[in-house]
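1. Here is a sequence with its predicted model. Questions after.
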Amino acid sequence: QETVCIFGTGDFGRSLGLRLLQAGYRVIFGSRDPGNTALLPEGSRVTSHAEAIKSARVIFVALHRDHYPTLTPLTPALAGKVLVDVSNNLKRGEYPQSNAEHLSRLVPGAAVVKAFNTISAWALQSGALDASRQVLVCGDSAEAKQAVMDIAHSLGLMAQDRGSLRSAGELEDLPLQLLPLWRLPLRIAAALLAFFFIYELVRDVVFAQVTEGKDKSFRIMISLANKIFPVVSLIMLALCYLPGIMAAALQLHNGTKYKRFPDWLDRWMLCRKQLGLVALALAFLHVLYTLVIPIRYFVRYKIAAITISQIRENKTKPFDSTLAWRADSYYSLGILGFGLYVLLGITSLPSVSNSLNWREFRFVQSKLGHMTLLLCTAHTFLFGWDKFLYAATYKWWMPPGYMLALVVPCVVLVPKLILMTPCVDRAVTRIRQGWD
Amino acid sequence: QETVCIFGTGDFGRSLGLRLLQAGYRVIFGSRDPGNTALLPEGSRVTSHAEAIKSARVIFVALHRDHYPTLTPLTPALAGKVLVDVSNNLKRGEYPQSNAEHLSRLVPGAAVVKAFNTISAWALQSGALDASRQVLVCGDSAEAKQAVMDIAHSLGLMAQDRGSLRSAGELEDLPLQLLPLWRLPLRIAAALLAFFFIYELVRDVVFAQVTEGKDKSFRIMISLANKIFPVVSLIMLALCYLPGIMAAALQLHNGTKYKRFPDWLDRWMLCRKQLGLVALALAFLHVLYTLVIPIRYFVRYKIAAITISQIRENKTKPFDSTLAWRADSYYSLGILGFGLYVLLGITSLPSVSNSLNWREFRFVQSKLGHMTLLLCTAHTFLFGWDKFLYAATYKWWMPPGYMLALVVPCVVLVPKLILMTPCVDRAVTRIRQGWD
Amino acid sequence: QETVCIFGTGDFGRSLGLRLLQAGYRVIFGSRDPGNTALLPEGSRVTSHAEAIKSARVIFVALHRDHYPTLTPLTPALAGKVLVDVSNNLKRGEYPQSNAEHLSRLVPGAAVVKAFNTISAWALQSGALDASRQVLVCGDSAEAKQAVMDIAHSLGLMAQDRGSLRSAGELEDLPLQLLPLWRLPLRIAAALLAFFFIYELVRDVVFAQVTEGKDKSFRIMISLANKIFPVVSLIMLALCYLPGIMAAALQLHNGTKYKRFPDWLDRWMLCRKQLGLVALALAFLHVLYTLVIPIRYFVRYKIAAITISQIRENKTKPFDSTLAWRADSYYSLGILGFGLYVLLGITSLPSVSNSLNWREFRFVQSKLGHMTLLLCTAHTFLFGWDKFLYAATYKWWMPPGYMLALVVPCVVLVPKLILMTPCVDRAVTRIRQGWD
Ligand SMILES: Cc1cc2nc3c(=O)[nH]c(=O)nc-3n(C[C@H](O)[C@H](O)[C@H](O)COP(=O)(O)OP(=O)(O)OC[C@H]3O[C@@H](n4cnc5c(N)ncnc54)[C@H](O)[C@@H]3O)c2cc1C
Ligand SMILES: Cc1cc2nc3c(=O)[nH]c(=O)nc-3n(C[C@H](O)[C@H](O)[C@H](O)COP(=O)(O)OP(=O)(O)OC[C@H]3O[C@@H](n4cnc5c(N)ncnc54)[C@H](O)[C@@H]3O)c2cc1C
Ligand SMILES: Cc1cc2nc3c(=O)[nH]c(=O)nc-3n(C[C@H](O)[C@H](O)[C@H](O)COP(=O)(O)OP(=O)(O)OC[C@H]3O[C@@H](n4cnc5c(N)ncnc54)[C@H](O)[C@@H]3O)c2cc1C
Ligand SMILES: NC(=O)c1ccc[n+]([C@@H]2O[C@H](COP(=O)([O-])OP(=O)(O)OC[C@H]3O[C@@H](n4cnc5c(N)ncnc54)[C@H](OP(=O)(O)O)[C@@H]3O)[C@@H](O)[C@H]2O)c1
Ligand SMILES: NC(=O)c1ccc[n+]([C@@H]2O[C@H](COP(=O)([O-])OP(=O)(O)OC[C@H]3O[C@@H](n4cnc5c(N)ncnc54)[C@H](OP(=O)(O)O)[C@@H]3O)[C@@H](O)[C@H]2O)c1
Ligand SMILES: NC(=O)c1ccc[n+]([C@@H]2O[C@H](COP(=O)([O-])OP(=O)(O)OC[C@H]3O[C@@H](n4cnc5c(N)ncnc54)[C@H](OP(=O)(O)O)[C@@H]3O)[C@@H](O)[C@H]2O)c1
Ligand SMILES: CCCCCCCCCCCCCCCC(=O)OC[C@H](COP(=O)(O)O)OC(=O)CCCCCCCCCCCCCCC
Ligand SMILES: CCCCCCCCCCCCCCCC(=O)OC[C@H](COP(=O)(O)O)OC(=O)CCCCCCCCCCCCCCC
Ligand SMILES: CCCCCCCCCCCCCCCC(=O)OC[C@H](COP(=O)(O)O)OC(=O)CCCCCCCCCCCCCCC
Ligand code: HEM
Ligand code: HEM
Ligand code: HEM
């Protein structure tokens, strides 16, 4: 039974202590106030810092960086020990030097290892740690790292070596990130939504106000929302598959795959997953807004008005079989497209994509993904149908939003068709196989 | 190539044997009936128990506890061997002593290790073992445990040391648990549903029966269900965020975070996830019940009746733009709230929450969570609108359900607003940073 | 710091090199063209193949099989080294011998280990490797395997020993599989959908065309789709639970569980998860098709026509309370059934099912699963109600689809009821406990 020492009896220290005890270690806390043992896990001991390090080789420093200077008096006693820095900062770039490097400078004789900072006290305590929560470890002494990784393993955690202490800054940045890959897609979505909102506002509300003097502002909440969400969803879906086309074109042009893509293309390709999921969220909203249509007061009023006018004027429109075909078809395409969309979403859940091999993942994401795009584009085309022929569609010469929305999907689908022809496909495949 | 021995050729023994063989071990079964090799994995050998243990150091005892006494004659031969107890019981607290401790008493010389009991034979055999399926190990001999953990590792499993054999009882209880954290939330949901069911039954059905003599019992299946589900969902959503408020208030009052919360608050905070998911399930039902409204016979009948009466009486109601705004707004708020609700649900999937860091998870669960509550509360407010002004709303002085439902959300949202003011926020943050 | 050598500076070599460098290894590439270092990760060295192997014990061969012959000149220098074969093929069964065995024959002195072929270059590079991505390792030398598994561990990956080099062929097949377990369920679904499509086409469209001369072909897109999807979903849901019944019957008949099931039953039981998920997808489509009903042009037209005719003929149908009860009940049952269906789907996500113990998983999948089947069957029964009494239902003596759909569910539910009676249940339980 090895003894492990923990400096600091705060949230993190206590939670770590509990886990270590469960895993069969002996745990000794070093605290400013060794008398205060109220919240500590049963079975642990508390003494002063100087006392605590005597029997342990590995010492976890569960203090905030501000309190590291309190360790300098212990420098001689800490020589040769393994000091594990678990600390995080509150902001990025708060200090010029990473906490771990700072600690290693304050206590020169000790082997400082950065580890465990990505694990929260809460997760440690509640045991809600899936194995996939990795302990990232870095440090300059291989033995010291090994000692820490061994502890991580016996706590049932995966440990990953991340090189020398110079990487500590990187590890300290990890818990401060806030969804970095989602920024660009969310900004694109926001910009497109804002643009189409103003565009459709002008077409739907302002136009009616100006030309007919009618107040149609109530349309904003649902009718308008149900235009901008699907339109932006469709565009973003197409934006997922556009870089693939561009990459293929570039590779064909270069005749080799051993040439770096331009940086913007690389970055774009890296956030396709997030682009796709944002698009799915918007499509989800489109579907809900659509399904809510028949309970809207406005719609019920309109339908009743039509029925009433038909009776008053005593003429019934005949049943239009073509219209029935077309309306049903575009709903049906939308539903199937949405089904595949959700399937793409499900397979991008980490646990599902992990259980698929590369070929299966590509089959779903690339093949079924293009199929989704095709179905959604066809849905929009059928919805538009012959409207583009009528002048009334172009209010103030502005075409309706869905016509604009169809541009990017077509820019993706047409070249894709060309890339799928056998001869082009063979050329691309050869290049990607590395036969240059 | 190490040899491993397995006692018992049942489901578990066979499945384990198969995996061990795949991982390159030599496997020898000990059986009462060595002749019966029909179902055994190819490459394994079967002999008598006494024979089998000769060449192996580690012996898996894949027998039920009832048959442990058959091992006592082997005690001398088992001295110094590692006996792995994999057994589970059928009920909790069936025996005063855990199976592993019982075994260790029956075979005193052997080093008994409890392990593998949380892994099912089926999972072993089909290889459907995600790495996150951990093998929990406990025992009194460190070497023996290490030997078993090494085997677990080479089967591609994570192993976690859980201390001495005294923990065996705990490990044996794990596979017998039935969703312990879901009990309280499900009971709360059931109680609230029952209360509101009776409440609304009286208001909607009994009241009409008694005062007007009309049979409105058909309303139970959908109209009533679509009142109690959303109302309880909203209350439970608010109950997720109430303990956070209470905790902050307590911490402000105590002036420190180093004071244990009362037990009931701790327990409440631990089941917030489950509370939230039950609330999501109820909201999901509310949405489906709502979307089904326009295809209901009753609704179609009512709408037709209104149209018909409008024609007969030859007066058409004018279009009410305010009503259109209000109705559309409350649908829209409901849809957005539900979207965020689903997002909260998705991020609580283990594989998703594991890929988020603490800050990201808090952003989604706490920030977007409160936003969800706000949207859903606003949705309900707008639905109610001015109804609370009319006496007809209070049948038998009973206010409608949604008014009652609004109490808890307001109790959460108003203090939350206060906690968000800069000065209070700073005080709370200081306390949580540990500056006491 | 150990040195690792990589042959080949392609996608895989580079990505692996990057990870190794991050984990603190020294990396040296062997390349045909040591001058070309443009895309290589910073910190690595490139030399000729002969030079590169000098300082390393483990050599990753990141070349395609076709280029293995270029290694034969190095045979003497490679003696005693560990050669890691990471290669995949493009098709299954392309070569009689696995790549790794081929390599081991070409370079006789080296210890060849097959590993890492299931990990994609992309995953290595982007670090999007969940711990559950396992490195499967096989080879004839235990030490060599250990060396490779150690490397995998320090990259933060799980490694699983899969025995001798004879298993290499199996490992090479893994990345070439395309959803093998989904084939049978998808084929069953396709066959049933085709059958019911033709069946309902005859009943709905051809019959109307022939007997009344009406063109009802527009019904195909939604009305017909919304018959075949739910019908097939219900049948497939029942097919999930049929093998369980059969297994119990067989075990009762045999009086023991130690008898292998017939092969077809085993295979059927193995793909129940996929059967269920396909059924869920179809139910999902049924729900969307149903919710879209009230915005269909055809439906709106029909409803308006009914209202108009009621006014013209000046007779209003009275409100039918029984019909309201029945319609609302079958919607309600459908919604609850669908809710449980989705719950079954959620618990079959790998990360969720991993966090459930065996008893909990069985409770959801088996208990709630049968409940789902019961609710969906009751939904269909109530939908049909008394229609089977009327001759008009049997067009050309063909009963409607949902009647056929009810056969399999009843074949499951009735025996299930019998199996649940205490005496039969006790017998089955005894057998499954192993008391034969
Ligand atoms: C709801 C939804 C969810 C999504 N989830 C994900 C997700 O989880 N993960 C994800 O990645 N995407 C996701 N996406 C985005 C998209 O579906 C995928 O990125 C999809 O694989 C793109 O297909 P593709 O055919 O355009 O690109 P790919 O098939 O990936 O190929 C793109 C280009 O990359 C280059 N390339 C690929 N492999 C190589 C190689 N070996 N050598 C050199 N170049 C190569 C080629 O130039 C190729 O043209 C999602 C989309 C949606 C709508
Ligand atoms: C659909 C749905 C899914 C949900 N899934 C989850 C889930 O997966 N997991 C989950 O936990 N919840 C889940 N919830 C519940 C809820 O969203 C979260 O618990 C949420 O984080 C609560 O936010 P909060 O701001 O009230 O609490 P928090 O931000 O967690 O804070 C609550 C209180 O805890 C105390 N506290 C927190 N940190 C510290 C600290 N370091 N030191 C001392 N005290 C501290 C504070 O007093 C604080 O006021 C879910 C809810 C819903 C509706
Ligand atoms: C949406 C959806 C998702 C699904 N997801 C999954 C999934 O993720 N995983 C999955 O497996 N299924 C899944 N299914 C299928 C189905 O729900 C389950 O297989 C379910 O457990 C079957 O229940 P059962 O009672 O028929 O079978 P079980 O309870 O599994 O028993 C079936 C038969 O197997 C035999 N058996 C079981 N245990 C033993 C034993 N110890 N010894 C000997 N024989 C034994 C018995 O003869 C028993 O009758 C899913 C279904 C749906 C609709
Ligand atoms: N909480 C988490 O989830 C988490 C996750 C990862 C990393 N971390 C890191 O772990 C470290 C500790 O975090 P924590 O949440 O446990 O903090 P905490 O609860 O505030 O505890 C800090 C401990 O430091 C000691 N301390 C306080 N003031 C001191 C002073 N002036 N001089 C010397 N020691 C002092 C105290 O221990 P004594 O009273 O015993 O001396 C106190 O318990 C931090 O670096 C944090 O970044 C925390
Ligand atoms: N099945 C699982 O999923 C699972 C999961 C975790 C743990 N476990 C545990 O593993 C153990 C075995 O489970 P199992 O499912 O394999 O049970 P099982 O199929 O019933 O097998 C038990 C074995 O015990 C032997 N046995 C039976 N009667 C005996 C007797 N009177 N005296 C001596 N030996 C007898 C038999 O082997 P021989 O005929 O060869 O002697 C039999 O194959 C149990 O303790 C169980 O709790 C099982
Ligand atoms: N890419 C993946 O995701 C992945 C995943 C798992 C396994 N693998 C396996 O890893 C291996 C390499 O794949 P890769 O994608 O990296 O392929 P690649 O990009 O085509 O690279 C192959 C490398 O082989 C070398 N090479 C090419 N022609 C050669 C020749 N005529 N003679 C000798 N060497 C030659 C080249 O390296 P130099 O120019 O430096 O000599 C080239 O970079 C394959 O066996 C593949 O199956 C790949
Ligand atoms: C065109 C129709 C599409 C309709 C989509 C509906 C969703 C159900 C389909 C599930 C398909 C899963 C494919 C997984 C790929 C794979 O091979 O995945 C492989 C893995 C393999 O796991 P194993 O390793 O355990 O075998 O399987 C899974 O992960 C199963 C995932 C199940 C996901 C169900 C999630 C349900 C969530 C509910 C969403 C719908 C709600 C709708 C409300 C209105
Ligand atoms: C307000 C709109 C909300 C609408 C919600 C719709 C759902 C889609 C949005 C997905 C958002 C995922 C956020 C994940 C957070 C994160 O950073 O997560 C981070 C992880 C990162 O994974 P990596 O580590 O691989 O990068 O990403 C994910 O896990 C992706 C999860 C995808 C989930 C899709 C599930 C779809 C299921 C279908 C549900 C809807 C069905 C509706 C039927 C009617
Ligand atoms: C009859 C009503 C059913 C309605 C179903 C609605 C879905 C929400 C219910 C979630 C229930 C989860 C049970 C998990 C079992 C368990 O114990 O699971 C146990 C695990 C335990 O995790 P821990 O180990 O972290 O405690 O919990 C989970 O995994 C939580 C899973 C959350 C899943 C939410 C997914 C939401 C996706 C959205 C689908 C709906 C979209 C609809 C759009 C129209
Ligand atoms: C359940 C599935 C779906 C249904 C029932 C459906 C239905 C509809 C309906 C009724 C409209 C007309 C809205 C209006 O009158 O303003 C519409 C428009 C549209 N839909 Fe869908 N849809 C579905 C899925 C999708 C999906 C997945 C996409 C892809 C992004 C999509 C893209 C569009 C677009 C771009 C429009 C045109 C919006 C406009 O400018 O008016 N739809 N859809
Ligand atoms: C798609 C999203 C939503 C839509 C379309 C929607 C729609 C509706 C409708 C039409 C009603 C009136 C029902 C009636 O007439 O009886 C209603 C009521 C209500 N909704 Fe929602 N809603 C949605 C989401 C939510 C969510 C997420 C909540 C949060 C829990 C919620 C809470 C409520 C409450 C409490 C009521 C009052 C119930 C009553 O007493 O009648 N809704 N909603
Ligand atoms: C939200 C939940 C559900 C709703 C609102 C719903 C509603 C309906 C409706 C309105 C119909 C009549 C369709 C028509 O007139 O052609 C129907 C039929 C049917 N439903 Fe559902 N349903 C739901 C869920 C389910 C589920 C989960 C199943 C199970 C597989 C199912 C199985 C069936 C079957 C077999 C039919 C008969 C189809 C036919 O031959 O016409 N339903 N459902």
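-> It's in. Ligands and ions are numbered 1, 2, ... in the order given.
2. okay, CA-based contacts and neighbour counts for the rest of this
-> Fine.
3. so how far is the longest helix along chain A from its chain's centroid?
-> Longest helix in chain A, counting residues (DSSP state H): helix A:225-254. In terms of CA atoms, centre = their mean, to the nearest Å, the centre of helix A:225-254 is set 18 Å apart from its chain centre.
4. does ligand 4 sit close to the helix or strand of chain A with the lowest mean pLDDT?
-> Lowest mean confidence among the helices and strands of chain A (mean pLDDT, DSSP states H and E): helix A:121-126, at a mean of 80. Yes. Helix A:121-126 lies within reach of ligand 4 by CA under 6 Å from any ligand atom, at A:121, A:122.
5. Check which helices and strands the helix or strand that that helix is followed by is in contact with.
-> Using DSSP states H and E, the next helix or strand after helix A:121-126 towards the C-terminus is strand A:134-139. Strand A:134-139 makes packing contacts with strand A:111-114, helix A:142-154, strand A:158-161, helix A:168-173 when contacts are defined by 3 or more CA pairs under 8 Å, 6 or more residues apart in numbering or on different chains; DSSP states H and E.
6. per-stretch mean pLDDT over those, give me the minimum one.
-> Per-stretch mean pLDDT for those is lowest at strand A:158-161 (a mean of 82).
7. circling back: looking at the helices and strands packed on strand A:134-139, which one is packed in the most?
-> Burial of the helices and strands packed on strand A:134-139 is given as mean neighbour count (mean count of other CA atoms under 10 Å in any protein chain shown); strand A:111-114 ranks first at a mean of 29.
8. just how off-centre is that strand within its chain?
-> On CA atoms, centre = their mean, the centre of strand A:111-114 falls 31 Å from the chain's centre.
9. contact partners of that strand?
-> A:80-86, A:100-101, A:103-104, A:136-141, A:144-145, A:148, A:165, A:168 (CA atoms under 8 Å, 6 or more residues apart in numbering or on different chains).
10. how far away is the closest residue to residue A:186 other than its chain neighbours from ligand 8?
-> In space, and not counting its chain neighbours, residue A:186 is closest to residue A:278: 7.1 Å by CA to CA, 6 or more residues apart in numbering or on different chains. From residue A:278 over to ligand 8 the distance is 6 Å, taken as CA to the nearest ligand atom, to the nearest Å.
11. Check residue A:90 too.
-> Taking CA to the nearest ligand atom, one finds residue A:90 at 21 Å from ligand 8.
12. Can you list the buried residues in the strand or helix carrying residue A:343?
-> Per DSSP H and E: residue A:343 is located in helix A:321-347. For helix A:321-347, the neighbour count (16 or more other CA atoms under 10 Å in any protein chain shown) marks A:321, A:324-345, A:347 as buried.
13. Tell me how far the closest residue to residue A:165 other than its chain neighbours lies from ligand 2.
-> Excluding its sequence neighbours, the residue lying closest to residue A:165 (CA to CA, 6+ apart) is residue A:139, at 4.2 Å. Residue A:139 sits 27 Å away from ligand 2, going by CA to the nearest ligand atom.
14. Run a quick check on residue A:139 versus residue A:160, I expect a contact.
-> No. With contact defined as CA atoms under 8 Å, residue A:139 does not count as touching residue A:160 (11.8 Å).
15. pLDDT below threshold where in chain A?
-> A:127-133, A:434-436 (pLDDT under 70).
16. tell me the contacts of residue A:155?
-> Contacts of residue A:155 (CA under 8 Å, 6+ apart): A:19, A:20, A:23, B:160, B:161.
17. thought the fourth one was touching residue A:23?
-> Yes. In this structure, residue B:160 is within contact of residue A:23 by CA under 8 Å, at 7.3 Å.
18. Need the residues touching each of those two.
-> Joint contacts of residue B:160 and residue A:23 (CA under 8 Å, 6+ apart) are A:154, A:155.
19. from chain A, which residue is nearest to ligand 5?
-> As assessed by CA to the nearest ligand atom, ligand 5 sits closest to residue A:156 within chain A, at 19.6 Å.
20. which residues of the stretch 1-150 of chain A fall in helices?
-> A:11-22, A:49-52, A:75-78, A:99-106, A:121-126, A:142-154 (DSSP state H, counting those that start in this stretch).
21. Determine which stretch of the ones you listed is the most buried.
-> helix A:11-22 (a mean of 22).
22. same for it, what does it pack against?
-> Using 3+ CA pairs under 8 Å, 6+ apart: helix A:11-22 touches strand A:3-7, strand A:26-30, helix A:121-126.
23. of all the residues in chain A, which ones are close to ligand 7?
-> Counting by CA under 6 Å from any ligand atom, chain A sits next to ligand 7 at A:336, A:339, A:340, A:342, A:343, A:347, A:352, A:355, A:356.
24. ok, the residues you listed vs ligand 9, which is closest?
-> Among the residues of chain A next to ligand 7, and counting by CA to the nearest ligand atom, the member closest to ligand 9 is residue A:342, at 10.0 Å.
25. The closest one: what's it in contact with?
-> Per CA under 8 Å, 6+ apart, neighbours of residue A:342: residue A:280.
26. which residues does the closest residue in space to residue A:182 that isn't next to it in sequence contact?
-> In space, and not counting its chain neighbours, residue A:182 is closest to residue A:274: 5.8 Å by CA to CA, 6+ apart. Residues in contact with residue A:274 (CA under 8 Å, 6+ apart) are A:181, A:182, A:185.
27. how close does the second one get to residue A:275?
-> To tie it back to what came earlier, the one meant is residue A:182. 8 Å (CA to CA, to the nearest Å).
28. Looking only at neighbour counts, state which of these two leads.
-> residue A:275 (26 against 16; other CA atoms under 10 Å in any protein chain shown).
29. From the contacts of residue A:274, which land in helices?
-> Those of these lying in helices (DSSP H): A:181, A:182, A:185.
30. Sweet, I'm off.
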